[in-house]
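> Please find the sequence and the predicted model below.
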Amino acid sequence: MAASYAGHVDISGLRRSYEQGELDEAGTGDAPLALFERWFADARGLGHIEANAMALATVDADNRPSVRTVLMKGFDADGIVFYTNYTSRKGRELDANPHAAVLFHWAQQERQVRIEGAVEKVSEAESDDYYDVRPLDSRIGAWASPQSEVIPNRAVLVTNAAKAAAEHGLRPPRPAWWGGYRLVPTEWEFWQGRKSRLHDRLRYRLVDGRWVRDRLAP
């Protein structure tokens, strides 16, 4: 058991040996999207809780970073899609600096994927299509929450939700302030934990319209 004293918890002994897999150039291919699709399918197949959860890092106009976990709601050759309130902190930061990085961490397989690139809003039609398939309480929630704003108590949210439900019924329209973003990758990095901390790291960079793969030291 870790020792605890004077407010300090000693966690220096917390470690594990990563031995679940390996990542070599022969099995990765020339396009990062295909490898990501395989790894994501593996994570879902192992029953990861929300395998689509990703840490999203943004930077504000004063170059101060922030990070939070969001859910990927789609991916294809055009990029990685997620949805949020456009007036939230992340939305304001993306307005000021439309670039971001995301991180997927699939601990059971000892894998990580980092993706960096520019961010753009998806079309209104795409946002409408996704909003319409969300559960009703989630659609009402988009109306009820002034995301990232200070509120006096939880009762405000409950009251807002009741008002929105009464006003819009079973078919609330998508709020104008809520919709999707697409991260358009310019760089991917695939990380596979290995024994002795000699991890595998393969990076793909977009150079003159084609992906260039490099191996990075761990």
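The structure has been received and is ready for your questions.
> end to end, how far does stretch 145-158 reach?
End-to-end span of stretch 145-158 (C-alpha to C-alpha, to the nearest Å): 9 Å.
> Tell me which residues are up against that stretch.
84-85, 87-90, 144, 160 (C-beta atoms under 8 Å, 6 or more residues apart in numbering). Every residue, glycine included, has its C-beta placed from N, CA and C.
> rerun at 7 Å
85, 87-89, 144 (C-beta atoms under 7 Å, 6 or more residues apart in numbering).
> chain center to that stretch, what's the gap?
Chain-centre distance of stretch 145-158: 24 Å, with C-alpha atoms, centre = their mean, to the nearest Å.
> Which positions within that stretch qualify as buried?
For stretch 145-158, the neighbour count (16 or more other C-beta atoms under 10 Å) marks 145, 147 as buried.
> Report the contact partners of Pro98.
Pro98 neighbours (C-beta under 7 Å, 6+ apart): 118-120.
> Among those residues, which one sits closest to Leu202?
Ranked by distance to Leu202 (C-beta to C-beta), those are led by Ala118 at 22.0 Å.
> Quickly find the element holding that closest one.
strand 111-121 (DSSP states H and E).
> Quick one: list the elements packing against the helix or strand following that strand.
Counting by DSSP H and E, the next helix or strand C-terminal to strand 111-121 is helix 124-133. Here helix 124-133 touches strand 178-192, going by 3 or more C-beta pairs under 7 Å, 6 or more residues apart in numbering; DSSP states H and E.
> Now with 8 Å, please.
Judged by 3 or more C-beta pairs under 8 Å, 6 or more residues apart in numbering; DSSP states H and E, the packing partners of helix 124-133 are strand 79-85, strand 178-192.
> Tabulate these (TSV), appending distance to Asn52, mean pLDDT and mean neighbour count.
Shown next, in TSV, are the helices and strands packed on helix 124-133 (distance: least, C-beta to C-beta, whole Å; pLDDT from 0 to 100; neighbours: other C-beta atoms under 10 Å):
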stretch	distance to Asn52	mean pLDDT	mean neighbour count
strand 79-85	9	98	21
strand 178-192	13	98	20
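> center of the chain - which residue?
Against the mean C-alpha coordinate of the chain, by C-alpha atoms, centre = their mean, the closest residue is Met54 at 2.9 Å.
> My guess is that one contacts Met72. True?
Yes. Counting by C-beta atoms under 8 Å, Met54 touches Met72, with 5.5 Å between them.
> Let me see the mean pLDDT of stretch 27-46.
Per-region confidence: stretch 27-46 scores 94 on mean pLDDT.
> got the buried residues for that stretch?
Neighbour-count burial for stretch 27-46 [16+ other C-beta under 10 Å]: 28, 32-33, 35-36, 39-40, 42-43.
> Pick the one among the residues you listed closest to Leu206.
Scanning the buried residues of stretch 27-46 for proximity to Leu206, where the rule is C-beta to C-beta, the winner is Pro32, at 9.3 Å.
> for that closest one, phi and psi?
With angles defined as degrees, to the nearest 10, Pro32 sits at phi -70, psi -30.
> what does the strand holding Ala118 rub up against?
By C-beta under 8 Å, 6+ apart, strand 111-121 touches 21, 36, 39, 43, 79-80, 86, 94, 98-106, 179-193.
> Rebuild the helices and strands packed on helix 124-133 as TSV, extending it with distance to Glu126.
Formatted as TSV, the helices and strands packed on helix 124-133 follow (distance: least, C-beta to C-beta, whole Å):
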stretch	distance to Glu126
strand 79-85	8
strand 178-192	6
